[in-house]
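# Structure, please.
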Amino acid sequence: MNKNKSYICPVCGLDKLAEPLYNNTGDSSYEICVCCGFEFGFDDDFKKQTHDSYRKQWLKNGANWFNPKLKPINWNPEEQLKNLRIKK
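Predicted structure coming up:
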């Protein structure tokens with residue numbers, strides 16, 4: 001793990017993931033995003049959810065933080081989602 005680098009969650013845009021989501025052979029990190037709760041290697045591999053479908057459901061359900069203790073004050077989901085650079 002590179003302590004100086006963070007990675008962006010492709011579901012919610014949180015830019016604080018500790019590990020690359022997948023290594024160069026395609027193996028998942030099994031890291032869980034503290035914001036949306038997506039677990040790389042479980043939700044996508046075993047539950048067969050795409051990042052887009054999980055994001056839509058997460059937003060539909062109120063974009064609640066998976067670990068609310070880590071939710072920043074004045075958190076703005078629209079601003080965070082801009083990290084994804086998704087065209088609307």
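# mind checking how far the residue located most distally from the centre of the chain is from residue 36?
Residue farthest from the centre of the chain, counting by C-alpha atoms, centre = their mean, is residue 25 at 20.4 Å. Note on residue 25: its distance to residue 36, by C-beta to C-beta, to the nearest Å, is 25 Å. All C-beta spots, glycine's among them, are computed from the backbone N, C-alpha and C.
# Residue 8 now?
Counting by C-beta to C-beta, the gap from residue 8 to residue 36 is 12 Å.
# more crowded one of those two?
Neighbour count, other C-beta atoms under 10 Å: between residue 8 and residue 36, residue 36 has more, with 24 against 17.
# and the more buried one, what does it touch?
9, 11-12, 14, 54-55, 58, 63, 66 (C-beta atoms under 8 Å, 6 or more residues apart in numbering).
# do the same with residue 38
Per C-beta under 8 Å, 6+ apart, neighbours of residue 38: 9, 11-12, 32, 44, 49, 51, 54, 58.
# Show me those residues that map onto helices.
Among the contacts of residue 38, the members falling in helices (DSSP state H) are 51, 54, 58.
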